[in-house]
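Enquirer: Got a sequence here, can you model it:
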Amino acid sequence: MKVGIVGAGAIGLTLGAGLASVHDVVVLARRTAVAGLLERDGIALVGDRATRYVPVRATTDRRAFADRDAVIVAVKSYSTADALAPLRDVLPRHALVASVQNGIGNAEIARIAMPDARVVAGSTTQGAIGLGDGRVRPVNRGTTVFARSDGAAPTSDDLAAAFAAAGLDARVAGDVEALLWGKLIVNAAINPICALTGRTNGDAVTDPELTPLARALAAEAAQVARSEGVEPGDAWEAVEAAATATAANRNSMLQDLDAGRPTEIDAISGAIVRRARTHGIAVPLTETVLRLVRARERRP
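Expert: A predicted model of the protein is given here:
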């Protein structure tokens, strides 16, 4: 399958490296220097004992996506529209566009940016730490889930099969909304408190000072999910499982704060706060961490 990866961050490079083992992969980077580095050296997968380099095509030229069968969107949620709008008149009509981003509503933004494209929502539990210079450290073997698609090939099942052929765990779900909310709840419980304290994901469920905060954040997010018509199940069990599976991960929000970049706090905690207000639900702790992370972002 001819696959395009939009975004040369940690998740985009991790999935791109996996897919490139058996598929024709092109990474669309924002900066020429990053594209050149990836073209020259490949994607560097850093492990505990060795670094493995995976050859990949990379470019900043949107025209390289003119023959893609599928496109994986892995940019930050706030960059979705800007990253996809240039592809509006480039992608072939059969191409399937799948978001694996944090937050909810990314697929809807993608459809506005590319009104003629076939877009499906998706989610991934893959964790990775971006090390810069085309280097990334995967921290777990996550699962990627795509919403079911209609119409001609490639379908979501075809895309999941392409992942599986490359040794990546993937599947198709009929009710992807519940999965998106499940991931949102997990991110809302773990990411802000670990980002603000400089701790790894595992500390959210093992540190006696952080665990009560994570529990409360999960409970607030789950309440909002139910008001949205989504049953999240045992939210805390999901948080514990995710934090344990990615215990060593410095989550993306922490990585962004450390690097002085904008975070996805508005797509995570902000999304919960906005929806809570429409239902008249109080989410004081979620609103508190939202304000604290925003304040950290503005730090000189």
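
Enquirer: Contacts for the helix or strand Arg291 falls within next, please.
Expert: For Arg291, the element it lies in under DSSP states H and E is helix 284-297. If you take Cβ atoms under 8 Å, 6 or more residues apart in numbering as the criterion, helix 284-297 is touched by 188, 192-193, 195-196, 213, 216-217, 220-221, 253, 257, 262-263, 265-266, 269-270, 272-273, 276. From N, CA and C alone the C-beta is placed, and that goes for glycine too.

Enquirer: average pLDDT across it?
Expert: For helix 284-297, the mean pLDDT works out to 97.

Enquirer: Let the chain start at 12 from now.
Expert: All right, first residue 12 from here; so that's helix 295-308.

Enquirer: how does this protein divide into domains?
Expert: Taking automatic domain parsing as the reference, the chain has its domains at 13-185, 188-308.

Enquirer: need the contact list for the closest residue to Ala258 other than its chain neighbours.
Expert: Closest residue to Ala258 apart from its sequence neighbours, by Cβ to Cβ, 6 or more residues apart in numbering: Gly213 at 2.9 Å. Contact partners of Gly213, counting by Cβ under 8 Å, 6+ apart, are Ala254, Thr255, Thr257, Ala258, Ala259.

Enquirer: can you tell me how far Gly213 sits from Pro165?
Expert: Distance of Gly213 to Pro165, computed by Cβ to Cβ, to the nearest Å: 37 Å.

Enquirer: And for Ile120?
Expert: For Ile120 relative to Pro165 (Cβ to Cβ), the value is 22 Å.

Enquirer: now Thr289
Expert: Computed as Cβ to Cβ, the Thr289 to Pro165 distance reads 36 Å.

Enquirer: Kindly report the same for Asp35.
Expert: 13 Å.

Enquirer: any residues in contact with both of these two?
Expert: Applying Cβ under 8 Å, 6+ apart, one finds that Asp35 and Pro165 are jointly contacted by Met12.

Enquirer: neighbour-wise, which of those two wins?
Expert: Pro165 (20 against 15; other Cβ atoms under 10 Å).

Enquirer: Would you mind giving both backbone torsions of that one?
Expert: Dihedral pair for Pro165: phi -80, psi 140, per degrees, to the nearest 10.
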